[in-house]
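>>> I need the structure of the sequence given here:
(one chain, ligands or ions: 1)
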Amino acid sequence: MNIQILNKIREYDRIVLFRHVNPDLDCLGAQFGLYQWLTDNFNDKKISLAGDFDFDIVNLFKFHDFQKVSDDAGDYLAIVMDTANYDRIDGDVSKAKEIIKIDHHIVVDSFGHINLELFSSSTCEILANLVKEFGLILTKETARLFYIGIIGDSNRFLYDSTTPATFKAAIALLETGINITGIYDELYLKDAKDLEIKKYIYNKYQVKGNVAYFILNQEDLDALDITREKGSDNVNLLAGIKEFKIWVAITQDTLHGNYRVSMRSRNKDVRQVAEKFNGGGHRQAAGARVRDLGEVEQLLEMLKELAENE
Ligand SMILES: [Mn+2]
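Numbering: from 1, shown residues only. The predicted model follows:
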């Protein structure tokens, strides 16, 4: 299948790269990294990116020099990455002539003409191993972008989705000479305001059985002067505590009139609970959307039971 993918890339003059809505480090790393790789290797092709880039997380990549897909584009090859189901694609993929899907989630919807669906730490891991296998130009810049995706989704090789193939990908990327401490500084160095957020959350978190959680209502977000996404990003402040098998960030989304729930676990399949509340994700990291605090309570009860099961 891998050679089929390379042949399709060779066949098309126009290629548009897609990923999921609400972008994370993995899908952006995949999109930017593959863009860079295609540009380095096929400079006669028109490569562009689809989706909304108006997010803070985009700035972390320091990757600005790319073409966005134009509205009149059609008959192109679409490569859709890190997106388990068609509905979650950011942008209109309907004008693509063919679709290649490359993803590491549980397979729910094989919407591509070619579907490369592998259980992996990240989509960037799949892509790094793929381009390594192709043996074409792999620059430091492509490597840097894929590396960010891998460490984002594996939490720096911490989750149990990390396999020998993850390290194989990391080897290929490190061999280009990327500076990984520089990458970590860009991603993880905090400022004093983050310390205030930490203080607030550590004062406010609650416990239900083996589940720790915090709720940030709009007034909390206002008091801290942060976005809902930023509040939710702090979920791992409650990680790494023996008694807490599941930890959760609940943030009010006033724009959509609901609450967003971000859950993490050690060895508990939180995705099955997320799926009952308009969500999904991975075994140890999933997200959901609930209507109100009453539903938040129901969800927390389910997580509490899940945490108790052996
Ligand atoms: Mn991913």
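>>> roughly how far is stretch 226-240 from the heart of the chain?
Relative to the chain's own centre, stretch 226-240 is displaced by 15 Å; criterion: Cα atoms, centre = their mean, to the nearest Å.
>>> Start and end of that stretch, how far apart?
Using Cα to Cα, to the nearest Å, the end-to-end distance of stretch 226-240 comes to 24 Å.
>>> where exactly do the strands run in the protein?
Here the chain has its strands, by DSSP state E, at 14-18, 46-49, 76-81, 96-103, 114-117, 206-208, 211-216, 246-253, 258-265, 280-281, 285-290.
>>> So for E125, which of those strands sits nearest?
Among these, strand 96-103 comes nearest to E125, with 10.8 Å by Cβ to Cβ. C-beta: built from backbone N, CA, C; applies to glycine.
>>> Centre of the chain to that closest one, how far?
Strand 96-103 sits 18 Å away from the centroid of its parent chain (Cα atoms, centre = their mean).
>>> would you put the C-alpha positions of it in PDB?
Taking C-alpha atoms only, strand 96-103 is exported to PDB below (Å, rounded to 0.1, in the frame of the first residue of the first chain):
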ATOM      1  CA  ALA A  96     -11.100  15.900  -4.400                       C
ATOM      2  CA  LYS A  97     -10.700  13.400  -7.200                       C
ATOM      3  CA  GLU A  98      -9.200  10.800  -4.800                       C
ATOM      4  CA  ILE A  99      -8.600  10.600  -1.100                       C
ATOM      5  CA  ILE A 100      -5.800   9.000   0.800                       C
ATOM      6  CA  LYS A 101      -6.600   8.500   4.500                       C
ATOM      7  CA  ILE A 102      -3.600   8.200   6.900                       C
ATOM      8  CA  ASP A 103      -4.600   7.700  10.500                       C
END
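>>> for that strand, packing partners?
Under the contact criterion of 3 or more Cβ pairs under 8 Å, 6 or more residues apart in numbering; DSSP states H and E, strand 96-103 touches helix 2-11, strand 76-81, strand 114-117, helix 123-134.
>>> Output the strands of the chain in TSV; the columns should cover distance to the ion.
Formatted as TSV, the strands of the chain follow (distance: least, Cβ to the ion, whole Å):
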stretch	distance to the ion
strand 14-18	14
strand 46-49	17
strand 76-81	8
strand 96-103	8
strand 114-117	12
strand 206-208	29
strand 211-216	24
strand 246-253	19
strand 258-265	15
strand 280-281	9
strand 285-290	10
